[in-house]
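Chemist: Take this sequence and fold it.
(chains A and B)
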Amino acid sequence: MRRSRYFLPTLRENPAEAQIVSHRLMLRAGMIRQSSAGIYSWLPLGHRVLRKIEQVVREEMDAAGCQEVLMPAIQPAELWEESGRYHDYGKEMLRITDRHERPMLFGPTHEEVVTDIFRNSVRSYRDLPQNLYQIQWKFRDELRPRFGIMRGREFYMKDNYSFDIDHAGAVRSYNKMFVAYLRTFARLGLTSIPMQAESGAIGGDYSHEFIVLADTGESAVYCDRAWLDTDPLAMGIDYEADLQPIVDEWTRLYAATDDKHDPAACPVPEDGLYQGRGIEVGHIFYFGTKYSKAMGAKVTDPDGAEVPVEMGSYGIGVSRLAGAIIEASHDEAGIIWPEIAAPFKVGLINLRAGDAACDEACEALYSRLVEAGVEVLYDDRDERAGVKFAEMELIGLPWQVAVGPRGLKVGTAELKARAGGEAEALSFESVSARLIGG
RNA sequence: CGGGGUGUGGCGCAGCCAGGUAGCGCAUCUGCUUUGGGAGCAGAGGGUCGCCGGUUCAAAUCCGGCCACCCCGACCA
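Modeler: Purely as a prediction, here's the structure:
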């Protein structure tokens, strides 16, 4: 993509309304624009990030045996009357009426819809287990939206729902999601910590929330320092095997948010206790037959008896993750994207646009990288070097390549990692090899 | 929902107290000069001063109502 033609409205100054770093940087980097309180448009750069994150989530869901669906955003109130939540959910639910005066609502979650689908289609235990997921916009009319997309009213969410014949099966499904979540956040370069949680409005018996560590996170967390050395990607996962030992291992270490942490009762000695901040990015629930009983989602078991299906639901805030990654990875100059979530892998800077030699060298490198499938944002604008460097730092692409007359005289370009380290003068061959290879 | 605050060109702000018909920096456009870390000079464009009503010869400014947005707290992916 050529910068000269890319819709990237960056801001030089901090918008007054943005108080936290991810909000500021997302606005300044031209990723998002606010439409109304807690509701945002995602501009090209932000949209690319959203797609990248979504893709990781999708891959991990698929790997764990889930199947993607897409349910309606607008739901009929009658399903919620059945579950009993229509009156319980409160003002967070956006209620609307269609032209026939039928009460509808913009879905804040999809337990009712998916249970309806299930009960209309599945009759036998032989068809279980099932686990359906979707990635879709939700709307919750929060009392106080804030922090940009971190706590919006409209937000992009992966939600999925498991169906099992019995409790043991439901626990297996729950454990798969537990492991899949650890992997998902780790692949995005985040340290996530599962914590026992209240089940809130979803209701249920068993629940974990996944908190991602970030110094600027909104809640204080206390955990065993051993968490910081854990790597979920290092363990081999067989989703068909018994995952309980892994879940046990990952719930063995102490972790608590500030409202649950009691210094007096904390089992971890002070020097082994990590105190930091975090952001909730995922939440998993096992709630058994709460919805299946209320809505009549029953299957026939091996003995011929009709039993309500055992369910769980699982959510990841995909749009929130974009903010969480920034909170966890930025510096004074801007965002530092992990490669997997970066909108482009490489920022190519032409230090002297208009100079024939620079133009030619940049065009050649740009073509070569693009043909090799590398995502490149090529700053071909007639701007001063400082403007281009500053913007590249701000938008945080993992690799910067600077091409200027100085280096060209000796046949080199400069390669620099956004995450740190000095710029290296390398031959164009080496630059290509490095960027195409890894 | 309780408490606090702010609405003035795209962004950041001044002007309001002591009413007289809108200004600064950045950004944008044009020209010239410049060109390896957010350039210089000259010129130009762009504003129903959140909205409605009131007071007044005259309202960004005073009064009343409303709306929007932000921050702190209680709740959430």
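Chemist: so where do the helices sit in the stretch 251-400 of chain A?
Modeler: Here the stretch 251-400 of chain A has its helices, by DSSP state H, counting those that start in this stretch, at A:290-295, A:318-328, A:356-371, A:385-395.
Chemist: Could you look over the ones you listed and pick the most buried one?
Modeler: helix A:318-328 (a mean of 27; mean count of other CB atoms under 10 Å). Quick note: C-beta positions are derived from backbone N, CA and C, even for glycine.
Chemist: before we move on, the earlier item: and of the helices of the stretch 251-400 of chain A, who's closest to RNA strand B?
Modeler: Closest to RNA strand B of the helices of the stretch 251-400 of chain A is helix A:385-395 (CB to the nearest atom of the strand; 2.3 Å).
Chemist: Up against RNA strand B, what does the stretch 51-200 of chain A have?
Modeler: A:91, A:140, A:142-147, A:149-153, A:155, A:157, A:198, A:200 (CB under 7 Å from any atom of the strand).
Chemist: can you tell me which of those are in strands?
Modeler: Per DSSP state E, strands hold the following members of those: A:F155, A:M157.
Chemist: List buried residues within the residues of the stretch 51-200 of chain A next to RNA strand B.
Modeler: A:R140, A:E142, A:P145, A:F147, A:I149, A:M150, A:R151, A:G152, A:R153, A:F155, A:M157 (16 or more other CB atoms under 10 Å).
Chemist: Out of the residues you listed, flag the one nearest to RNA strand B.
Modeler: Looking across those and measuring by CB to the nearest atom of the strand, the closest to RNA strand B is A:F155, at 3.2 Å.
Chemist: who's the closest one bridged to?
Modeler: Beta bridges link A:F155 to A:K138, judged by DSSP bridges.
Chemist: got the contact list for it?
Modeler: Taking CB atoms under 8 Å, 6 or more residues apart in numbering, we find A:F155 in contact with A:W137, A:K138, A:F139, A:R140, A:I149, A:G317, A:V318, A:S319, A:R320.
Chemist: pLDDT and distance to A:S192 added to these, as TSV?
Modeler: TSV is the format used below for these (pLDDT from 0 to 100; distance: CB to CB, whole Å):
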residue	pLDDT	distance to A:S192
A:W137	96	23
A:K138	96	21
A:F139	95	25
A:R140	94	22
A:I149	94	19
A:G317	96	12
A:V318	97	14
A:S319	96	17
A:R320	95	13
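Chemist: I'd like to know which of those residues is nearest to A:E54.
Modeler: A:V318 (5.5 Å; CB to CB).
Chemist: Let me know whether that closest one touches A:M157 as I believe.
Modeler: Yes. Using CB atoms under 8 Å, A:V318 is in contact with A:M157, at 6.1 Å.
Chemist: Overlap in contacts, the two.
Modeler: Common neighbours of A:V318 and A:M157 (CB under 8 Å, 6+ apart) are A:I135.
Chemist: all helices in the stretch 51-200 of chain A, in order from the N-terminus.
Modeler: A:77-83, A:85-88, A:111-121, A:167-187.
Chemist: From A:D259, how far out is A:F147?
Modeler: 19 Å (CB to CB, to the nearest Å).
Chemist: Show me how far the helix or strand bottoming out on mean pLDDT in chain A is from its chain's centre.
Modeler: Here the helix or strand of chain A ranked lowest by mean pLDDT, DSSP states H and E is strand A:255-257, holding a mean of 85. Relative to its parent chain, strand A:255-257 has a centroid offset of 21 Å by CA atoms, centre = their mean, to the nearest Å.
Chemist: Where do the domain boundaries of chain A fall?
Modeler: When chain A is parsed with automatic domain parsing, its domains come out as A:3-335, A:344-437.
Chemist: Grab the nearest non-local neighbour of A:M177.
Modeler: A:Y314 (4.6 Å; CB to CB, 6 or more residues apart in numbering).
Chemist: For the one you found, report the pLDDT, please.
Modeler: Listed pLDDT for A:Y314 reads 97.
Chemist: likewise A:A16?
Modeler: pLDDT, A:A16: 88.
Chemist: hang on, it is in a helix, isn't it?
Modeler: No. Counting by DSSP: H, G, I helix; E, B strand; the rest coil, A:A16 falls outside a helix, being coil.
Chemist: Show me the shaky parts of the stretch 201-350 of chain A.
Modeler: Scanning the stretch 201-350 of chain A for pLDDT under 70 picks out A:201-205.
Chemist: Closest approach to RNA strand B from it, which residue is it?
Modeler: Closest point on the stretch 201-350 of chain A to RNA strand B, by CB to the nearest atom of the strand, is A:G317, at 2.7 Å.
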